[in-house]
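Student: sequence unknown, structure follows:
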C-alpha cells in the first residue's frame, strides 16, 4: 500500500488555454476531485454525514508549479494527510505527470486546509473531525504525525 491516495486524470483540451498550457484553476479543481474520490472510495460513512449536518469547509488552498502539462498528459494527483487537529485537517497534493515510458515528473505541489463544521447553514459551529475520516486517513498520514500521537 502506498502512503498516498491517488486520483488519476487525463488532461482535456477544455482544461488548457490558447497556448496549450493547463489553466491554474484546474489544479485546484483536481484537489477537490481527489478529496471527493477519497471520501467515496474510503470514507463512505463521512459522505453519509455530509448529507446530514456535517460540512467540510475549505479554508485555504495553494499550488506551486514546477513544470507545464498539456492536453492528454496522464496525471496522478496524490493526496496525503499533512496535519490533523481537533476540528481541522490539512492535505498535501503532489501532481505527477505519468510519462509514456513509465517515468514520473513532479509538475506541481499543493495544500488544502479544511475545517469540520456542523449545524444548519445559518448557525454552523466547529466540530471534531469525524472518527470515520480519521480512520480512513490513517494510512496516508506521515510517520511523524503517528509517532507523536497527532492522530487519534
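Tutor: Here it is on my side, so go on. Fair warning: this is a prediction, and the values are worked out from it, not measured in the lab.

Student: need the longest strand for this protein.
Tutor: Taking DSSP state E as the criterion, the chain has its longest strand at strand 104-118.

Student: Kindly spell out which helices and strands sit in contact with the helix or strand that that one is followed by.
Tutor: Sequence-wise, the next helix or strand downstream of strand 104-118 (DSSP states H and E) is strand 125-126. Packing contacts for strand 125-126, counted by 3 or more C-beta pairs under 8 Å, 6 or more residues apart in numbering; DSSP states H and E, involve strand 104-118. In this view, the C-beta of every residue, glycine as well, is placed from N, C-alpha and C.

Student: The strand it packs on pairs with which strands, and in what direction?
Tutor: Applying DSSP bridges to the sheet, strand 104-118 is found paired with strand 54-65 (antiparallel), strand 88-98 (antiparallel), strand 125-126 (antiparallel).

Student: which of the residues in the helix or strand where residue 30 lies are buried?
Tutor: Assigned by DSSP H and E, residue 30 belongs to helix 24-42. Across helix 24-42, burial judged by 16 or more other C-beta atoms under 10 Å covers 26, 27, 28, 30, 31, 34, 35, 37, 38, 39, 42.

Student: From residue 13, how far out is the first one?
Tutor: Counting by C-beta to C-beta, to the nearest Å, the gap between residue 26 and residue 13 amounts to 12 Å.

Student: What is the neighbour count of residue 59?
Tutor: By the criterion of other C-beta atoms under 10 Å, residue 59 has 11 neighbours.

Student: I'd like the distance between the closest residue in space to it that isn't next to it in sequence and residue 99.
Tutor: Nearest non-adjacent residue to residue 59, counting by C-beta to C-beta, 6 or more residues apart in numbering: residue 113, 4.5 Å away. Distance, residue 113 to residue 99, using C-beta to C-beta: 31 Å.

Student: who's more crowded, the two?
Tutor: residue 113 (17 against 11).

Student: Just list the residues touching that one, thanks.
Tutor: 58, 59, 60, 61, 88, 89, 90 (C-beta atoms under 8 Å, 6 or more residues apart in numbering).

Student: so what's the first one bridging to?
Tutor: This points to residue 58. residue 114.

Student: OK, contacts around it?
Tutor: 32, 112, 113, 114.
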